[in-house]
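**Student:** task: produce atomic coordinates for the following.
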Amino acid sequence: MSLYRLLTRWWTAFALAISLAMLGFAHFSERVLGLAPCNLCLKQREVYWGAVAIALIATLWALVSGSRRGSPRIAAFLLAAVFATGAITAGFHFGGEMKWWALPALCAGGGGAADLEALTSLALGVGEPQRVVMCDAVTWRFLGLSMAGWNALISAALAGFSLIAAKRPKDARAPRN
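**Tutor:** Next up, the predicted model:
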């Protein structure tokens, strides 16, 4: 079986693996590298969690139903929409980081809810101040692009691959006898 047929027939399994890898890198960056996420970073993670849900259901459906034709094409269309949403969100974030436009005021917070105990201990002078993560502050770069910039490129590529998988030719959908 050619690589193209394998990718298009089982795109949801590949999308599941890539989405989990992206979430894993985001959590690794937060927990190990100490890069606290901003509000827009957390929104970009939500997109990948949505992709995980769609891809997992579609892949399991194809495996359980014994589908020899691969994963359902509607799932690839849904993944295209989800990844396109991620590309738009990440692109908006990247544009704000580059100062191409102003980001909303909600981007000033760190994404977490206010903890009453932390606020009380801070007011009493015994607590540690919580770091506020600004969405327009770039804390990590690789080859000149921030994490949001890379996420925009990867999400756009995943949206494109999802459309290719959804529009796969008949010979990729059904096995030849």
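**Student:** now do the buried residues in stretch 83-103.
**Tutor:** Of all the residues in stretch 83-103, those buried under the rule 16 or more other Cβ atoms under 10 Å are 83-87, 89-97, 103. For glycine as for every other residue, the C-beta is placed from the backbone atoms N, C-alpha and C.
**Student:** pLDDT (mean, whole number) over that stretch?
**Tutor:** When pLDDT is averaged over stretch 83-103, the result is 88.
**Student:** return the helix or strand in this protein with minimum mean pLDDT.
**Tutor:** helix 170-173 (a mean of 48; mean pLDDT, DSSP states H and E).
**Student:** phi, psi of Arg141?
**Tutor:** Backbone torsions of Arg141, given as degrees, to the nearest 10, read phi -140, psi 150.
**Student:** tell me the residue furthest from the middle of this structure?
**Tutor:** Within the chain, the residue lying farthest from the chain centre (Cα atoms, centre = their mean) is Leu124, at 39.3 Å.
**Student:** contacts only, for that residue.
**Tutor:** Applying Cβ atoms under 8 Å, 6 or more residues apart in numbering, we find Leu124 in contact with no residue.
**Student:** which ones are touching the residue most central in space within the chain?
**Tutor:** Central residue check for the chain by Cα atoms, centre = their mean: the C-alpha nearest the mean position is that of Tyr48, 3.4 Å away. Remark: with contacts taken as Cβ under 8 Å, 6+ apart, Tyr48 is in contact with Ser19, Met22, Leu23, Ala26, Gly86.
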